[in-house]
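Visitor: my questions are about this predicted structure, shown below with the sequence.
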Amino acid sequence: MSTEFNIRRFLLEEEEKLSPFAKKSSESAGRKFPLKRDPFRLEFARDETRILHSPPFRRLKHKTQVFLSPNNDHICTRMEHVLHVSSIAAVIGRCLNLNIDLINAIAKGHDLGHPPYGHAGERVLDKILKQKNVKEGFKHEIHGLRVVDKLTNYGAGLNLTYEVRDGIITHCGESFERIITPDRTRDIEKIDSINDRGLYPATLEGCLVRMVDRIAYLGRDMEDAIKAGLIRKADIPSDIARNLGTENGKIIGIFVNDTIANSHNKDSIEMSEEVFHYMYQLKLFNYKNIYQHPEVERKSHKAAHLIELLFSELEYILEKSERGKNSSYILSLIKEAPVMEVFFNFIKNTNYNDQTPSYLMVTDFIAGMTDIFAERTFMQLFSPDRVI
C-alpha cells in the first residue's frame, strides 16, 4: 500500500472524529474548476496554502488596520490582524472539535478585499461608486470574493472551495451579534450573486471566524491607541476594566473562554449575555474614543482625499490611453510616473474585456494597493518633475 494512500486515509479518518457540526472536506461542495487530488493535504488545507502564497495576502503587511501607515513596528497592520484571527479561531475551533483547516483558510482570506487605509479607504470607494450609480457600492467582504475569484493569478483566481469563498464573503466583523448560527439552507454554489452583508456563513467554521474577527481587534485596537497616546488606561470605563481588563491578552482570554463555554456541543457560535454586554461596551468605547478620535479622523480624511484624486486621475489615464491600447501615450506617462507600468500590466493581465466599466478596473487596482504604494502612486502622478 502506497504512502500517499496511507496518509490520505489517516487524514480522512481524523476528519471523521470531528464534531457533527463541523464541515468535513470530504463533504465539501468542491471548486468551480476541479483539481487533481493532493497526496498529503485535504481540500481546505490546500486553500490555506493558496491564500498564504498569494500576492494579495503578502500586501496585507502594508495595509492599515486602524492607524494609517504607522511608523511603529509594534502597531497592528492588516496582516497581523488576519494572523491573530487565524490563531484565536484555531484555539476555539480545536476546543469545539471543528475543522481547523477550514478555519485557517477562511481566517487568512477574510480581509483580502480590504483597500488601503482600512475603513477610510473602504468608505471613500463606497462613496465614489454610489456616486456613479453603482447601487451596491464597495464592501470589502464582497470585493474579497472578487479578489480570490477573478483578480489574483492574472485573472484566473485561486480556485478556492465554495466553503472558504463563502466564509470570506460573509465574515462581516463590524456586525455585532451574540449568537451566530450557520445558514445551512442557502445554496452555497450561488455566492457569486451576493452583494450585501446580510447573510450568515454556511458553515460553523465561518461563523467562528466572523465572531473572532471582533475578538481579535477590540482589545488590540485599544492597546494600540494607548501606545499612540490617543487614550490612557485611566480612560477605560471602570466596568470594562473590571470585567474584561485593560490588557489585550486578558481581554482575548475572557472572550475565548466564554465563547468556548457557550458554544460547546451547539450548532452556533455564542457568547454569554454578560460577556457580550461588556464586549459591546468596549466596541462603543473604541468607536467614540479611537475610531472617531479627531486625530484618526483627520488622517482618514487626508487618506480619503488621496484616494478620490487617484481614482479620478486613473479614470482619466485609462480614457487617454484608450484603455491601455495607446502605446505612445503609455510610454510617455511611464517616463514621468514609473508606477503606471504596474497599472497597465494589471489592466493587460486581468480578464477584462471591452464591456468592463472603467470604474471597475480602477476600483480593482486601487483596492489592491498598499498604503505605501498608494502614496507612491500619488506622488508620481501629482508631484511636478523638474524640466531641467
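Guide: Thanks, I have it.
Visitor: next, the buried residues of stretch 377-388.
Guide: Judged by neighbour count using 16 or more other Cβ atoms under 10 Å, the buried positions of stretch 377-388 are T377, F378, Q380, L381. Heads up, the C-betas are built off the backbone N, CA and C, glycines and all.
Visitor: may I have the secondary structure class of the last one?
Guide: Here L381 is helix, with the state taken from DSSP: H, G, I helix; E, B strand; the rest coil.
Visitor: dump the residue contacts of the closest residue to K61 other than its chain neighbours.
Guide: Leaving out its chain neighbours, the residue that sits closest to K61 by Cβ to Cβ, 6 or more residues apart in numbering is M79, at 4.2 Å. Shown in contact with M79 (Cβ atoms under 8 Å, 6 or more residues apart in numbering): F57, L60, K61, K63.
Visitor: can you put those residues in JSON lines and add distance to F44, pLDDT and secondary structure?
Guide: Listed next are the contacts of M79 as JSON lines, based on distance: Cβ to Cβ, whole Å; pLDDT from 0 to 100; DSSP: H, G, I helix; E, B strand; the rest coil:
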{"residue": "F57", "distance to F44": "16", "pLDDT": "97", "secondary structure": "helix"}
{"residue": "L60", "distance to F44": "20", "pLDDT": "94", "secondary structure": "helix"}
{"residue": "K61", "distance to F44": "24", "pLDDT": "92", "secondary structure": "helix"}
{"residue": "K63", "distance to F44": "25", "pLDDT": "90", "secondary structure": "coil"}
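Visitor: tell me the SS of N133?
Guide: With three-state DSSP as the basis, N133 sits in coil.
Visitor: surely L145 is in contact with G109?
Guide: No: L145 lies out of contact with G109 (Cβ atoms under 8 Å); the separation is 9.5 Å.
Visitor: more neighbours, these two?
Guide: The residue with more neighbours, out of L145 and G109, is G109; 31 against 22, by other Cβ atoms under 10 Å.
Visitor: contacts only, for that one.
Guide: So G109 contacts D47, I51, F57, G144, V148, L160, V164, G167, I168 (Cβ under 8 Å, 6+ apart).
Visitor: pull the most distant pair out of those.
Guide: Using Cβ to Cβ, the contacts of G109 span at most 15.1 Å, a distance reached by F57 and G167.
Visitor: ok, the residue lying closest to D267 once chain neighbours are set aside to L360 distance?
Guide: Leaving aside its chain neighbours, D267 sits nearest to F21 (4.6 Å; criterion: Cβ to Cβ, 6+ apart). Distance, F21 to L360, by Cβ to Cβ, to the nearest Å: 38 Å.
Visitor: just R78 next, same as before
Guide: Counting by Cβ to Cβ, the gap between R78 and L360 amounts to 23 Å.
Visitor: quick one: which of these two has more around it?
Guide: Comparing R78 with L360 by neighbour count (other Cβ under 10 Å), the higher total belongs to R78, at 22 against 14.
Visitor: check what pLDDT that one gets.
Guide: pLDDT, R78: 90.
Visitor: surely it meets V66?
Guide: No: counting by Cβ under 8 Å, R78 stays clear of V66, with 9.7 Å between them.
Visitor: determine the residues that are contacts of both of these two.
Guide: G118.
Visitor: got the CA positions of stretch 45-60 in PDB?
Guide: What follows is stretch 45-60, C-alpha atoms only, in PDB (Å, rounded to 0.1, in the frame of the first residue of the first chain):
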ATOM      1  CA  ALA A  45      -5.700  22.800   3.800                       C
ATOM      2  CA  ARG A  46      -4.800  23.400   0.200                       C
ATOM      3  CA  ASP A  47      -6.900  26.600   0.200                       C
ATOM      4  CA  GLU A  48      -5.000  27.900   3.200                       C
ATOM      5  CA  THR A  49      -1.700  27.400   1.300                       C
ATOM      6  CA  ARG A  50      -3.100  29.000  -1.800                       C
ATOM      7  CA  ILE A  51      -4.100  32.100   0.100                       C
ATOM      8  CA  LEU A  52      -0.900  32.300   2.100                       C
ATOM      9  CA  HIS A  53       1.300  32.300  -1.000                       C
ATOM     10  CA  SER A  54      -0.900  34.800  -3.000                       C
ATOM     11  CA  PRO A  55       0.200  38.400  -3.700                       C
ATOM     12  CA  PRO A  56      -3.000  39.900  -2.000                       C
ATOM     13  CA  PHE A  57      -2.000  38.200   1.200                       C
ATOM     14  CA  ARG A  58       1.500  39.500   1.100                       C
ATOM     15  CA  ARG A  59       0.300  43.000   0.600                       C
ATOM     16  CA  LEU A  60      -1.700  42.900   3.800                       C
END
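Visitor: got the buried residues for it?
Guide: A45, R46, D47, E48, R50, I51, S54, P56, F57, R59, L60.
Visitor: in helices, which of those fall?
Guide: Judged by DSSP state H, the buried residues of stretch 45-60 include A45, R46, D47, E48, R50, I51, P56, F57, R59 as members of helices.
Visitor: the nearest residue to the fifth one once chain neighbours are set aside: neighbour count?
Guide: Leaving aside its sequence neighbours, R50 sits nearest to L158 (Cβ to Cβ, 6+ apart; 4.7 Å). As a burial measure, the neighbour count of L158 was computed by other Cβ under 10 Å and equals 24.
Visitor: show me what contacts L158?
Guide: Neighbour list for L158: D47, R50, I51, S54, V148, D149, T152 [criterion: Cβ under 8 Å, 6+ apart].
Visitor: looking at those, which is nearest L96?
Guide: If you rank the contacts of L158 by distance to L96 using Cβ to Cβ, D47 comes first, at 20.2 Å.
Visitor: OK, contacts around the closest one?
Guide: Contact analysis of D47 by Cβ under 8 Å, 6+ apart lists D101, A105, G109, L158, L160, T161, V164.
Visitor: quick one: the closest residue to F346 other than its chain neighbours from L314, how far?
Guide: Sequence neighbours aside, F365 is the residue nearest to F346 in space, at 5.6 Å (criterion: Cβ to Cβ, 6+ apart). Using Cβ to Cβ, F365 is found at 7 Å from L314.
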